[in-house]
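Chemist: Give me the fold of what follows.
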Amino acid sequence: MRGVRRAARRAQRSDAEVRSSATGHPRRGGSLGALRGLRSWLAGPAHQARRHGQRGSRGRAPVRDALPPVPADPHRPAGARLRYLEAVRRLKAEGRHFPRTIHMTFVPDEEVGGHKGMELFVQRPEFRALKAGFALDEGLANPTDAFTVFYSERSPWWVRITSTGNPGHGSRFIEDTAAEKLHKVVSSILTFREKERQRLQSNPHLKAGAVTSVNLTKLEGGVAYNVVPATMSASFDFRVAPDVELKAFEEQLQGWCQAAGDGVTFDFAQKWTESRVTSTDDSDPWWAAFSGACKDMNLTLEPEIFPAATDSRYLRAVGVPALGFSPMNLTPVLLHDHDERLHEAVFLRGVDIYTRLLPALASVPALPSDG
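Modeler: Numbering: from 1, shown residues only. This is a model prediction of the structure:
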């Protein structure tokens, strides 16, 4: 711990480093290089800092925020939760009242899948008692003047491929090994990955959420340099696009395993199959209220499919339409990155936007779909 504290003090003392990280974006080491990574931050652990209009913070506990109910994201520096809270505080101070109730929920575990958070909460009687009609969840920054709004998201599939084969001594040419067969499956999946990447890059109208991504994230197997293992495994993070037929995609996974040979199987650490799309049609009352309020504020919206996963999927799965929206334009996407930060002018404008957006949504009249 003394070493971490010394590294934090060095990071804070280095004005040159602070200036470069506030105006540029140096990357030093990977996300696991904690000591080196400290020097790439505007603020040290559990501190907040302001420099050149940039506000940054680290060490804050992940929390989700909500409007009828609205989960927001924990990672935005000076948090989206603060902007929601300030917007609601302003509305209460003005004595405003609306036909609908604005609920704010603080839900744990979104970063690890939400299985002990929103996934359980939406099944609880306390959630049903809210009679939620619509939800706002987290979005992403947009480096342009526009604001991104997400109406759906890709399905996370975390897949482990396990290959079994003949073991033996490392000096021999052993036939039918676990590694050989695993290599075939890995090659098939990475070939698919390259096709999806090329499809995205070749079509300027496509965004990341419209294609299926996959990354190899873990390789496991072996006990010694001179022992050929009987079992090896590879883990993949698939993010499946909403328009993919999931049963056919699972059959494709099965086909890759079968083509590699006997003894190759797969299982899921996470498998989301309830992909839903929130309407962005002008005839939809929720979209009309949301987009209309944004139009009144002269905000340019860019509707997209969220490339990762949020708690919105659990809300949509139980019939609650949800949009992912974080009012952070003119801001680089620094999600989970070094020196994740937000300019104070963007932060304050976001409060103003929520202060006008929440009343519009909370004033949507009763609908037949209301619980």
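Chemist: For the rest of this, base every contact and every neighbour count on C-alpha atoms.
Modeler: Will do.
Chemist: could you pull out the strands for the stretch 151-300 of the chain?
Modeler: For the stretch 151-300 of the chain, the strands defined by DSSP state E, counting those that start in this stretch cover 155-164, 168-169, 213-221, 227-228, 231-240, 264-271.
Chemist: Now tabulate these in a markdown table and tack on mean pLDDT, mean neighbour count and distance to A87.
Modeler: Compiled in a markdown table, those are given as follows (pLDDT from 0 to 100; neighbours: other C-alpha atoms under 10 Å; distance: least, C-alpha to C-alpha, whole Å):
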| stretch | mean pLDDT | mean neighbour count | distance to A87 |
| --- | --- | --- | --- |
| strand 155-164 | 97 | 22 | 32 |
| strand 168-169 | 98 | 14 | 66 |
| strand 213-221 | 98 | 15 | 36 |
| strand 227-228 | 98 | 19 | 61 |
| strand 231-240 | 98 | 21 | 34 |
| strand 264-271 | 96 | 16 | 36 |
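Chemist: Could you export the ones you listed to JSON lines, including columns for distance to R341?
Modeler: Listed next are these as JSON lines, based on distance: least, C-alpha to C-alpha, whole Å:
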{"stretch": "strand 155-164", "distance to R341": "27"}
{"stretch": "strand 168-169", "distance to R341": "53"}
{"stretch": "strand 213-221", "distance to R341": "27"}
{"stretch": "strand 227-228", "distance to R341": "48"}
{"stretch": "strand 231-240", "distance to R341": "26"}
{"stretch": "strand 264-271", "distance to R341": "30"}
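Chemist: so which of these gets nearest V351?
Modeler: For the strands of the stretch 151-300 of the chain, proximity to V351 was assessed by C-alpha to C-alpha; strand 155-164 is nearest, at 30.6 Å.
Chemist: just to revisit the earlier point, between the strands of the stretch 151-300 of the chain, which one is nearest to T191?
Modeler: strand 213-221 (10.4 Å).
Chemist: which residues touch that closest one?
Modeler: Outside strand 213-221, the residues within contact range by C-alpha atoms under 8 Å, 6 or more residues apart in numbering are 189-190, 193, 196-197, 229, 231-240.
Chemist: Around the nearest residue to S291 once chain neighbours are set aside, how many other residues sit close by?
Modeler: Leaving aside its chain neighbours, S291 sits nearest to L301 (7.9 Å; criterion: C-alpha to C-alpha, 6 or more residues apart in numbering). When neighbours are counted by other C-alpha atoms under 10 Å, L301 registers 16.
Chemist: measure L301 to K207 for me?
Modeler: Per C-alpha to C-alpha, to the nearest Å, L301 is found 14 Å from K207.
Chemist: now swap in F147 and tell me
Modeler: For F147, the distance to K207 - C-alpha to C-alpha - is 14 Å.
Chemist: who's more crowded, these two?
Modeler: It is F147, of F147 and K207, that has more neighbours when counted by other C-alpha under 10 Å, with 22 against 14.
Chemist: Hmm, M328 and that one touching each other?
Modeler: Yes - here F147 reaches M328: they are 6.8 Å apart, a contact under C-alpha atoms under 8 Å.
Chemist: Overlap in contacts, the two.
Modeler: Among the neighbours of F147, those also in contact with M328 (C-alpha under 8 Å, 6+ apart) are A141.
Chemist: where's H336 relative to L140, distance?
Modeler: Counting by C-alpha to C-alpha, the gap from H336 to L140 is 11 Å.
Chemist: More neighbours: these two, which one.
Modeler: It is L140, of H336 and L140, that has more neighbours when counted by other C-alpha under 10 Å, with 24 against 10.
Chemist: check contacts around the residue nearest to that one when sequence neighbours are not counted.
Modeler: Nearest residue to L140, sequence neighbours excluded (C-alpha to C-alpha, 6+ apart): S326, at 5.9 Å. S326 makes contact with 72, 80, 137-141, 148-149, 350 under the criterion C-alpha under 8 Å, 6+ apart.
Chemist: what about 7 Å?
Modeler: Applying C-alpha atoms under 7 Å, 6 or more residues apart in numbering, one finds that S326 lies in contact with 138-141.
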